[in-house]
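Colleague: next comes the sequence, and after it the predicted model I'd like to discuss.
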Amino acid sequence: MSGMTDERWLREAVRLAAANADAGQLPFGAVVVRDGETLATGVNTALTDRDPTAHAEVAAVRNACRALDVLHLTGAVVYSSCEPCAICHAVAATVGVTALVYAAPKELIPDLRYPAPPDSAPLAVPMQAALRALAPEQLRHVPTPGADEPFRRYLAGLP
């Protein structure tokens, strides 16, 4: 998929992320698409679920697999509101997702002021770099207008 089609799905992922931020949740959303059809969506529920793996991309993959009653999503594309982390990238690769297309690069993420372990970067950053190096064609950034809006909404809602 490319061009206007990418933009359509990315706008939907950003819309999901913004709605999630408005609900007081972390501002991330994702859409799983195959053959031009939405298979499932997901949002980050880590705060409410107290589940550090409840990322939007992981939720979208889980929802798609459940909906289709499968354990793989060969040929699917995950559209994400933000650059997928190593967890999300690994999950997508494991289930056969062809590509991860994202709206906001990780450099755009402000300090969201939620408790993340202070020592995760020494391993998480090299893991993400290794996944990128192993399959550079799998991850693609498409600049998307408004990609930073979910972050602004989330921060505006904090006490």
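Modeller: It's in.
Colleague: kindly check the end-to-end length of stretch 52-59 for me.
Modeller: With C-alpha to C-alpha, to the nearest Å as the measure, the first residue of stretch 52-59 is 12 Å from its last.
Colleague: any buried residues in stretch 102-116, and which?
Modeller: Taking 16 or more other C-beta atoms under 10 Å as the basis for neighbour counts, the residues of stretch 102-116 that come out buried are 102, 103, 104. Using the backbone N, CA and C atoms, a C-beta is placed for each residue, glycine as well.
Colleague: measure the residue nearest to the first one when sequence neighbours are not counted to residue 144 for me?
Modeller: Leaving aside its chain neighbours, residue 102 sits nearest to residue 80 (4.4 Å; criterion: C-beta to C-beta, 6 or more residues apart in numbering). Using C-beta to C-beta, to the nearest Å, residue 80 is found at 10 Å from residue 144.
Colleague: check residue 122 too.
Modeller: From residue 122 to residue 144 the distance is 30 Å (C-beta to C-beta).
Colleague: so the two - more neighbours on which side?
Modeller: Legend: neighbour count by other C-beta atoms under 10 Å for residue 122 and residue 144, higher for residue 144 (21 against 7).
Colleague: what's the more buried one in contact with, if anything?
Modeller: If a contact means C-beta atoms under 8 Å, 6 or more residues apart in numbering, then residue 144 has 7, 10, 11, 14, 103, 104 as its contacts.
Colleague: determine which two of the residues you listed are furthest apart.
Modeller: 7 and 104 (13.8 Å; C-beta to C-beta).
Colleague: quick one on the thing from earlier: how many residues are close by the residue nearest to residue 102?
Modeller: A count of nearby residues for residue 80, using other C-beta under 10 Å, gives 31.
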